[in-house]
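A.B. asks: Got a predicted model here, sequence first, then my questions.
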Amino acid sequence: MNDVIGLAPWLIGFPLIGAAILLLGGKATDRWGHWLGVLASAASGVVGFILMFRMIGTPAEERSIDHHLWTWLSAGGLDVDLGIRLDPLSLTFVMLVTFVGTLIHVYSVAYMDHDPHRRRFFAYLNLFVAAMLTLVLADSYLLLFVGWEGVGLASYLLIGFWDTGRPSARENAVAAKKAFVMNRIGDMGLIAAMALMFSAVGSVRFADVLPAVAGDGTGPASALISTGTATAIGLCLLLAACGKSAQFPLQAWLGDAMAGPTPVSALIHAATMVTAGVYLMVRSGPILEAAPTAQLVVVIVGAVTLLFGAVVGTAKDDIKKALAASTMSQIGYMMLAAGLGPAGYAFAIFHLLTHGFFKAGLFLGAGSVMHAMSDQTDMRRFGGLSRFLPITWITMGLGWLAILGIPPFSGFWSKDGIIEAAFIPVEGQPWRAWVFGTVAVLGAAITAFYMTRLFFMTFGGRRPRWTEGQHPHEGSPLMWWPLVFLGVGSAALGAVLGIGGTFTTWLEPVVGQAEHHEPVLPVPVIITVTLVVVVLGALLAFRMYAVQLVPEEAPRGSVLTRAARRDLYQDAANETLVVLPAHGVARLVQVGDRDVVDRGWGVLPQAVSWFGAVFRKAQSGYVRSYAAGMAGGVLVIAAVAWLVVGLGGAQ
Amino acid sequence: MTEFVAPEIDWLALAPLIVVLGAGVVGVLVEAFVPAKARRVTQIVLTLAALAGGFAFIAVLWPQIVAQPVQVVGGSVTLTPFALGTQGIIAVLAFLGVLVVADRTATGQDAFAPAASAVPGTSYEDLARRSGLEQTEIYPLLLFAAGGMMLFASTDDLIVMFIALEVLSLPLYVLCATARRRRLLSQEAAAKYFLLGAFASALFIFGVALIYGFAGTVRLLEIATAMQQGGLPLDGMSGLLVAGVLLVTVGLLFKVGAVPFHAWTPDVYTGAPTPITGFMAACTKAAAVAALVEVLYRVSIGVQAVDPEIMRQLQVVIVVVAVLTMAVGTVVGSVQSDVKRLLAYSSIAHAGFLLVGIAGFSSQVQSSTLFYLLSYGIATIGAFAVVTLVRERRVTPGSGEHNGPVEDDGVVLGEATEIAQWAGLGRKAPWLTAAFALFLLSMAGIPLTAGFIAKFGAFTGATSGGLWWLAVLGVLASVVAVAFYLRLLVVMVFQPAPITPGVEPARDDSPRVETGAVSTGSTSAGSATATMTKVQVTAAQRVEVTVVRSRGPAALAIAVCAIATVILGVFPSLVLDLAQEASKFVP
C-alpha cells in the first residue's frame, strides 16, 4: 500500500488542475475544455481504482493510512498541517464521486452542448470533484472544512449557473444564494465543533480527536472529552450535517437548488455533496457514541426529514422537485441509520452508495426527459413517454424499482438493512425501536407512492398531455450510455455488495464491528411487512396516476396536499421564525453600525490622511532639512531612551 | 630576525566574496578591453555568472558553517550561518535585480542614460543618445555594491563594517544618478543620497570611535567577552558605550531606511532608475538589517551580563524607532499618488516591521529576519520590475494606427508612475497585473503569500520577547498598509482606463524633468527622449499608458519572484527549516 500512497494527492490534483486550466485558460480552451474536464475526472477515478485494489489486497487492520502532505505553519501549540486519510470509508466515497462524477461529466458534454458557457460549467464541475474529494480524503476536520466550503462554493456557482440571459435567471440567482446562506448556518456548526475539539483535545485531526473521545478502553473516565462536551460537539456537527444534507430544519434550500442544470442536480444535489453530512456523522461516529443525547437527536432529525421529504414528494408536480424531496427523504434514512451507532453506520454508507447510483440515474433520466420535452418539467404535461424514450424509460424503471426497495434491486439491500437496524431495541428506551422502526416502514410506503406516481405520470398514462409542438426523442449516445451504466448499478450494485455482507465487512475497519442484536420483530416479518406496504403504496399510485386520467391542471386537493405542495410551509415558517426577526435585528444593528461604529471608524482614515498630509510636508526635498531631521532624531531618541529607562529605574 | 609567516587563510570561506568582488574588477577590465559591441553581453553574462557562482560557494559552505562558524583573516570576516544566509539572500536578490537591470524591453533601450556625465539638455547628450552609446559600467558597479553588502553582513569588526558600508554605498550613489529619463531628478536623488549617506557614515564612524574609546577594540565579540569577564571599566564609562552603540545603530538605521533617518528614501527611490531602485530596496535593506541584527545582538550578549539597564536603553531605542517607522511608513504611504513613492514608503514600513521582530531580542530573530528579508526582497524586486514595464506612450488623437501614420506617433516615453495612470491595467496586461497584485498582497501580508509567514515570524519575535503591545501595534500598522496596497490594486483592476487620458503630456511637476526641458503647453518647447530620436509632445497630442513587452530577463525575474512568493507562502517550511539552522551569531 505504501508504494502507491504517493498517488493519493493526485485524486484531488487532477480535477483541481483541470479546473484551474479551464478557468485560467479562458476562451482558448472553449473547443476542447469539456473533454479535458471529463479526462481530469476520469484520471482521478483511475487513481481511485488503483488505490482501492491495493487496499483490498492489504490486511484489514492496515487499511487506515494517514498520509502527511505538508506542514503549512507551526506556531506554538498550533500545527497547521495537511494530510490525507485513506481508509475503506474514504475510498468508498472516492469511487462513488469519481465513477458517478465521470459518468455525469460525459452526460454533460451532450446535455450542455448548446450552452455558450460549457467550458465554465466543466471548470466548476471539476472544482466540485476536487473539493468533494478533499472533503472525504481529509485527515483532519480542518481540511475537511476546506473541502466542505469548496463543495459549497461549487454548488453555489452551479445552482446559479444560468443566472443571466434566461427568463428564470433571477430565480436561479436567488436559489443559489438561498443554498449558500443556509449552508453557512450549518458551517457555523462545524466551526464551533472544531473550536470545541481544539479546546478539549488541542487538535482537530481525526487521529487525535476520535480516540480522545473513546478513551483507552478503561472506561469513560479515561476520555479527554466529557460526555457534555461530546454532546455539544455532536450537536454542532449535526447542525453542519443538516445544512449540507438538507435535513430538517435546514432543508429548505434543496428544492430551489433544482434551478441548476440537471447534471448538477444529479451529481451534487443527489449523489454526492448532499450526502456529505452523512459522511460527517459516520466519520465522527465515536463522538456520537459518547453522547447518547446527540445520537438520539440525529435519529430524530433523520426520522422527521424522512417523513417530511416523503410527504412533500407526493404533491410535487415538477419532476426535479419531486426527486429533490425524495433525495431529502432518502438522506433522512441515512441520517437515521448514522444515529443508530455501529449497527447503522455500514448501512448508512451502503444506502448512500446505492442511492448515489439510482438517484443519479433518476436525475439524469429526468434530464433526458426534459431534453426531449424542450425543458418542460411539469409532470402533468408528460405522459406516455415510454414509447418515445425507451432507454430512459427502462433505466429510470430500474432506478424506480431500486428506490422502492424491491428485491433484488439495489435499494432493497441497503434500505432494508436500515429498517432492520431501526427496529433494534435500545436499552432503557423500548419505545425507540417501535417508533423509529414504524417511521422507517411508513416512509418506505410513502416513497413507493410518490415514486410510482412520478414514474407513471411521466412514462405511463393512456394519452400524452404534452404541450404544443413536442417531438420527444432520445438524446445522443453520450447521454444514454451514462444512463445505462447507472441503470445497471441501480439493478445490481446492492446484490453484488450486499449478499454475504461484503460491504459491511469492507467498512468494518472504520466503523467497527457491530454487536449482533435481534430486532424487536423477527427479520422475515419486517421484510414482509415492508414489502407489503411498499406494494400497496405503489398500487395506490398506479391506480391514481396510471389507470385514472391525470388532469393537466393540478386539482386543488386536500389540506395535506396543498401543504405538501408548498413544502409543508417551510419557506413561510422560515420567513416568520427567522427572516423577519433577523430583519428586525439587522435593521437595529445597521443603525448602530452606521451611526456609531462607522462614524467612529470613519475618523480613523481621516486621521491617517491628515497625519499623512502633515508628515508629507516634512518631505520638503531639501537635503538640509533631512540632515537636520536626522541629527534631531538622534538627540530625541537618545533622550527618550534615557528618560524611559531613567524614569523606569526611579520607580 | 623573524621570518615573515604567511597567514593561514580559509579561502573557501572567503570564496563568495572573492568571486563577486573579483568579477567586479574583471568587469572594469572588460570595459577597457572588450570591443563595444560585445561589451554589454559580456558584462551581463559575467555579472550573472559571478552572482550565481557566489551563491554556489555559499551553498557549498553552508553545511560546514552551520556545523562550525568561522572567523577568517584575523576575524575581519566572521562567517556565522546568519551571515552566510544573508549573503545567500543578497546573491539571489542581486541576481534577480540584475535580470531586471539587463532588460532593454521592446523599446530597445535600457533604463540608463547613454552618457550619465553629460549635462542634461546639452548637445553632447544628444550626440551620445544618437550614437547609441550605452553605459555598461553599471554592471561592475552592481557587483561592487553586492560584494560590499555581502561583506557588510558578515563581519565582526566595526572598521571592516565601515569599509563595507562605503564599498556598497559609493556604487549606489553613482547608479542612482544614471537614469535615462528625468535626469535632473535622478542626479538630484544621487546628490541627496550621497550627502545624507556621508552624514550617516560620519555618525557611524564617530560611534565606532566612542566604542573604541570605551573598550580599546572594535571587535564586537571581543567587547562582549571582555564585558562578561569584567575586564572593562564599566563604572562611569558606560555612557560612552551607549552613545557609541547608539551612533553606530543610527548609521545602520539610515541604510535600513528607518524613521527619522528615512527622509532620503522616497526621493532616492523615485529618482533612481527603477531597476536600480528595486536592487537597492531589496539588497541594501537585507545587508543593513542583517548588520544591524549582528551589532545589536552581539552588543547585547556582553551588556546583558553586566548591566541590564543599558540593555533596556538599547531596546527602547529600537522600539521607538520601530513604532515611528511603522507609523510614518504606513500613514504617509497612504497619501501617496506615485507608484514608486508608494513602494518607497512601503519599504519604510517594512523596515518598521523588521525592527518589531528585532526589538524582541529573542533567539529566533535570525531565522524570522532572514525569511522576512527574502520574502520582502523578492516581492520588491518583482514590483519594481513591473513598474519598469508600464510606460507612457505619445499618441496623436485621430491618428490611430489605421488612420495613417504621423511621424513619431506612438513613441514610448518614460515610466507611467502616477497611480491614476495605472487604472485599467488589469485589462491591458492581465498577467502582469496578476503578478503585481501578488507582490502587493505579499507585502500586505495576506495568507498563502510569503509576506504572511514573514510578518507572522516578525511579530512572533516581538511577542516572545514580551513586547505584546508592539506586536499589536505592528498588526494595526499592517492593517493601514493593507489599505494602501489594496487602493493600488483597486485602481488597477476595478477602475476602467480613462477614456481621454490626461491631455498634458508631462505633468507640471518641477523635479520631474524629462531629458531636455519640460514641455509646457502648445509651445512644444519640450522634448522627451524616446527610441533613438528626439520626440516632442505637443498639446494636441496626448499621453497614453501602455505596457511594453519585456525582452525576457525582466519577465523571467517577475515570474520567478511571483512563483517564489507563492511557494514561500504555501510551503514555507522549505526555507524556514534552512533559516532555522542559521541561529548562531557567535562563532
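C.D. replies: Arrived safely.

A.B. asks: how about the strands in the chain?
C.D. replies: You didn't say which chain, so I picked chain A. A:65-75, A:78-86 (DSSP state E).

A.B. asks: not quite, I wanted chain B
C.D. replies: Under DSSP E, chain B gives strands at B:70-72, B:77-79, B:390-395, B:411-415, B:528-529, B:534-535, B:542-547.

A.B. asks: Dump the ones you listed to TSV, plus mean neighbour count and mean pLDDT.
C.D. replies: (C-beta placed from N, C-alpha, C; glycine too.) Output for these, formatted as TSV (neighbours: other Cβ atoms under 10 Å in any protein chain shown; pLDDT from 0 to 100):
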stretch	mean neighbour count	mean pLDDT
strand B:70-72	18	86
strand B:77-79	25	90
strand B:390-395	22	82
strand B:411-415	21	80
strand B:528-529	24	38
strand B:534-535	18	47
strand B:542-547	20	80
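
A.B. asks: quick one, which of those is nearest to residue B:185?
C.D. replies: strand B:411-415 (10.5 Å; Cβ to Cβ).

A.B. asks: so what does that closest one touch, helix or strand wise?
C.D. replies: strand B:390-395, strand B:528-529 (3 or more Cβ pairs under 8 Å, 6 or more residues apart in numbering or on different chains; DSSP states H and E).

A.B. asks: Which helix in chain A has the most residues?
C.D. replies: helix A:169-201 (DSSP state H).

A.B. asks: and that one, which residues are buried?
C.D. replies: A:172-180, A:182-183, A:186-187, A:189-190, A:192-194, A:196-198, A:200-201 (16 or more other Cβ atoms under 10 Å in any protein chain shown).

A.B. asks: Name the helix or strand of chain A that has the lowest mean pLDDT.
C.D. replies: Across the helices and strands of chain A, mean pLDDT, DSSP states H and E gives its lowest value to strand A:65-75, namely a mean of 72.

A.B. asks: whoops, I mixed them up, chain B
C.D. replies: Every helix and strand in chain B was compared by mean pLDDT, DSSP H and E; the lowest is strand B:528-529, with a mean of 38.

A.B. asks: Serialize the helices and strands packed on strand B:411-415 to TSV and add fields for distance to residue A:412.
C.D. replies: Below are the helices and strands packed on strand B:411-415 laid out as TSV (distance: least, Cβ to Cβ, whole Å):
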stretch	distance to residue A:412
strand B:390-395	68
strand B:528-529	84
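
A.B. asks: mind putting the ones you listed in JSON lines, distance to chain A included?
C.D. replies: Shown next, in JSON lines, are those (distance: least, Cβ to the nearest Cβ, whole Å):
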{"stretch": "strand B:390-395", "distance to chain A": "22"}
{"stretch": "strand B:528-529", "distance to chain A": "23"}
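
A.B. asks: For residue 496, which non-adjacent residue is spatially closest?
C.D. replies: No chain in the question, so chain A it is. Residue nearest to residue A:496 in three dimensions, not counting chain neighbours: residue A:502, with 7.5 Å by Cβ to Cβ, 6 or more residues apart in numbering or on different chains.

A.B. asks: right idea, wrong chain: chain B
C.D. replies: Closest to residue B:496 by Cβ to Cβ, 6+ apart is residue B:424, at 5.2 Å.

A.B. asks: From what I see, the one you found and residue B:494 are in contact.
C.D. replies: No - counting by Cβ atoms under 8 Å, residue B:424 stays clear of residue B:494, with 9.2 Å between them.

A.B. asks: out of the two, which sits in the busier spot?
C.D. replies: Higher neighbour count among residue B:424 and residue B:494: residue B:424, with 20 against 10, using other Cβ atoms under 10 Å in any protein chain shown.

A.B. asks: where's the more buried one relative to residue B:492, distance?
C.D. replies: 8 Å (Cβ to Cβ, to the nearest Å).

A.B. asks: again with residue A:547
C.D. replies: From residue A:547 to residue B:492 the distance is 68 Å (Cβ to Cβ).

A.B. asks: now swap in residue A:181 and tell me
C.D. replies: According to Cβ to Cβ, residue A:181 and residue B:492 sit 32 Å apart.

A.B. asks: next one: residue A:269
C.D. replies: 38 Å.

A.B. asks: Provide a list of residues in contact with the residue nearest to residue A:134 when sequence neighbours are not counted.
C.D. replies: In this structure, residue A:134 finds its nearest non-sequential neighbour in residue A:147, 3.4 Å apart by Cβ to Cβ, 6+ apart. Residue A:147 sits next to A:131, A:132, A:133, A:134, A:135, A:136, A:137, A:138 when contact means Cβ atoms under 8 Å, 6 or more residues apart in numbering or on different chains.

A.B. asks: Using TSV, please lay out the residues you listed together with pLDDT.
C.D. replies: Formatted as TSV, the contacts of residue A:147 follow (pLDDT from 0 to 100):
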residue	pLDDT
A:131	92
A:132	92
A:133	92
A:134	92
A:135	92
A:136	91
A:137	90
A:138	89
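
A.B. asks: from those, which is closest to chain B?
C.D. replies: Distance to chain B across the contacts of residue A:147 (Cβ to the nearest Cβ) is lowest for residue A:134, with 15.2 Å.

A.B. asks: In the stretch 401-550 of chain A, what residue lies closest to chain B?
C.D. replies: Counting by Cβ to the nearest Cβ, the stretch 401-550 of chain A gets nearest chain B through residue A:510, at 30.5 Å.

A.B. asks: and residue 302, how many neighbours?
C.D. replies: Because you didn't say which chain, this covers chain A. For residue A:302, using other Cβ under 10 Å, the count is 35.

A.B. asks: ah, I was thinking of chain B
C.D. replies: The burial count for residue B:302: 25, using other Cβ under 10 Å.

A.B. asks: would you list every one of the helices in the stretch 351-500 of chain B?
C.D. replies: B:365-389, B:425-428, B:430-444, B:450-464, B:468-494 (DSSP state H, counting those that start in this stretch).

A.B. asks: who wins for proximity to residue A:24 among the ones you listed?
C.D. replies: Per Cβ to Cβ, nearest to residue A:24 of the helices of the stretch 351-500 of chain B: helix B:430-444, 9.6 Å.

A.B. asks: Point out the most buried one among the strands of chain A.
C.D. replies: Scoring the strands of chain A by mean neighbour count under mean count of other Cβ atoms under 10 Å in any protein chain shown gives strand A:78-86 as the most buried, with a mean of 18.

A.B. asks: pull the CA atoms of it into CSV?
C.D. replies: Only the C-alpha atoms of strand A:78-86 are listed here, as CSV (Å, rounded to 0.1, in the frame of the first residue of the first chain):
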residue,chain,number,x,y,z
LEU,A,78,-1.0,25.0,16.7
ASP,A,79,0.3,22.9,13.9
VAL,A,80,-1.5,23.6,10.7
ASP,A,81,-0.6,20.6,8.6
LEU,A,82,-2.5,18.9,5.9
GLY,A,83,-2.8,15.2,5.2
ILE,A,84,-4.9,12.6,3.6
ARG,A,85,-6.7,9.7,5.3
LEU,A,86,-7.1,6.6,3.2
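
A.B. asks: Near chain B, which residues of the stretch 501-650 of chain A? Just list them.
C.D. replies: Neighbours of chain B within the stretch 501-650 of chain A, by Cβ under 8 Å from any Cβ of the partner chain: A:605, A:608-609, A:611-613, A:615-616, A:618-619, A:621, A:623, A:625-627, A:629-630, A:632-634, A:636-638, A:640-642, A:644-645, A:648-649.
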